[in-house]
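Enquirer: sequence first, then the predicted structure, then my questions.
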Amino acid sequence: MKNYVAGVDVGGTTIKMGLFPVGKAPVELWEVKTPSREEIDRLYEVIRDALHEKLAEIGEPEKALLAIGIGLPGPVREDGYVSSCPNLGLYAEYPAARLEELMGIPVAAVNDANAAALGEVYYGAAKGTKNAIMVTLGTGVGGGVVVDGNVLAGSHGVGGELGHFIVNPAETKRCNCGNRGCLEQYASATGIVRSAKELLSGTSEPSVLRGIFDLSAKDVLDAAKAADPIALQVLESFGQYLGMAIAHLILTTDPEKIILGGGVSKAGQILVETLDKYVDDYTHIAEKRADIVLATLGNDAGMYGAASLASKLLEK
């Protein structure tokens, strides 16, 4: 019999799961459907049943599973309390304690963005480091801060919410959070498209973007690679605001790596080069600063990170 830990990343539609022999890469990765909001209280039974079925499938007894880490789409306090996961319909809950009671083994919970950061630190682009920051650039901007190998959740579970750093106090439009000038308004996929549309409406300058009906962030970044003038202005604005936020984090936590993940990061090296320029401008005091790298685990990062958290439970 081998000993395993499990990484579980709960999303709004699917639950990503992985079985990891202790201290090793996963042997099984799979997904199950997330219960509907009306049936979300079944979440713990769904996870238990999926893990037990997979163990049986590979010929291992249930007792081979020693610990579980679970990533959730909402703030998770250090004691495991989750005030709100709106995408799941989960409120005022202790998910780790619920699952632990059901399965009889240690369980730890973490915010999904923080789980992704842990995944990249222990298995991905920042493997071998102890201090790193993950920036997730998608529909919004998420983040996770890892200090001395541990995720920085903070007193109320909102540590690492860099998407809502105020980077432009002069902004007049509100972010979805209610503030104005949040990083998410400029560095997310949505923000990139918004910036492009505002520039296009404010000038008659030629641009390939004018001919695209349903404009996407990928369209803008592809155009920037082709030296389109409007797209390049958007890229510079993106770099300025995200570079400012990253510089503040560097001067706060002094990480070894800054990891770029999420759909926008698929644009690749052009983002790294743009950010390097602005981060250098904003961190003159640092003799040596963190390298900016692209994430390597994709959408599995949260599940890997949850598994690393489960492994830590065995060390206690």
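Expert: Happy to help now that I have it.

Enquirer: how many neighbouring residues does Ser237 have?
Expert: By other CB atoms under 10 Å, 19 other residues sit near Ser237. Just so you know, the C-beta spots here come from the backbone N, C-alpha and C atoms, and that holds for glycine as well.

Enquirer: can you check the pLDDT for it?
Expert: For Ser237, the pLDDT comes out at 96.

Enquirer: can you tell me the SS state at the closest residue to it other than its chain neighbours?
Expert: Nearest residue to Ser237, sequence neighbours excluded (CB to CB, 6 or more residues apart in numbering): Ser195, at 5.6 Å. Look at Ser195: counting by DSSP: H, G, I helix; E, B strand; the rest coil, its state is helix.

Enquirer: wait, isn't Ser195 in contact with Glu236?
Expert: No: the criterion here is CB atoms under 8 Å, and Ser195 misses it with Glu236 at 10.1 Å.

Enquirer: neighbour-wise, which of these two wins?
Expert: Ser195 (23 against 15).

Enquirer: how much space between the more buried one and Val151?
Expert: 31 Å (CB to CB, to the nearest Å).

Enquirer: related to what we said a few turns ago, who's in contact with the residue nearest to Ser237?
Expert: Taking CB atoms under 8 Å, 6 or more residues apart in numbering as the criterion, Ser195 is in contact with 186, 234, 237-238.

Enquirer: tabulate those (CSV), appending distance to Arg174.
Expert: Shown next, in CSV, are the contacts of Ser195 (distance: CB to CB, whole Å):
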residue, distance to Arg174
Tyr186, 14
Val234, 20
Ser237, 18
Phe238, 20
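
Enquirer: contacts for the one helix or strand Leu275 maps to?
Expert: According to DSSP states H and E, Leu275 maps onto helix 269-282. Here helix 269-282 makes contact (CB under 8 Å, 6+ apart) with 221, 224-225, 235-236, 238-240, 242-244, 246-248, 250, 258, 260, 264-265, 289, 292-294.

Enquirer: now do the helix or strand just after it: distance to the chain's middle.
Expert: Following helix 269-282 in sequence order, the next helix or strand is strand 291-294 (DSSP H and E). Relative to its parent chain, strand 291-294 has a centroid offset of 15 Å by CA atoms, centre = their mean, to the nearest Å.

Enquirer: what residues sit buried inside the helix or strand immediately after strand 291-294 in the chain?
Expert: The helix or strand immediately downstream of strand 291-294 is helix 301-315, counting by DSSP H and E. Taking 16 or more other CB atoms under 10 Å as the basis for neighbour counts, the residues of helix 301-315 that come out buried are 301-313.

Enquirer: if you count contacts, what does helix 301-315 end up packed against?
Expert: Where contact means 3 or more CB pairs under 8 Å, 6 or more residues apart in numbering; DSSP states H and E, helix 301-315 is packed against strand 4-10, strand 14-21, strand 65-72, strand 107-111, helix 112-122.

Enquirer: just send these back as a markdown table, with mean neighbour count, distance to Leu99 and mean pLDDT too.
Expert: Below are these laid out as a markdown table (neighbours: other CB atoms under 10 Å; distance: least, CB to CB, whole Å; pLDDT from 0 to 100):
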| stretch | mean neighbour count | distance to Leu99 | mean pLDDT |
| --- | --- | --- | --- |
| strand 4-10 | 28 | 8 | 96 |
| strand 14-21 | 21 | 12 | 95 |
| strand 65-72 | 26 | 6 | 96 |
| strand 107-111 | 28 | 5 | 94 |
| helix 112-122 | 30 | 15 | 93 |
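
Enquirer: and of the buried residues of helix 301-315, the nearest to Val27?
Expert: Ala307 (11.4 Å; CB to CB).

Enquirer: you'd agree the closest one is up against Ala25?
Expert: No: counting by CB under 8 Å, Ala307 does not reach Ala25; the two are 9.8 Å apart.

Enquirer: residue closest to the middle of this structure?
Expert: Among the residues of the chain, Ala113 comes closest to the average C-alpha position under CA atoms, centre = their mean, at 3.2 Å.

Enquirer: residues contacting it?
Expert: So Ala113 contacts 134, 136, 142-144, 160, 302 (CB under 8 Å, 6+ apart).

Enquirer: cool, and Leu99?
Expert: Contacts of Leu99 (CB under 8 Å, 6+ apart): 44, 47-48, 68, 70, 107.

Enquirer: ok, these vs Gly211, which is closest?
Expert: Ile70 (45.7 Å).
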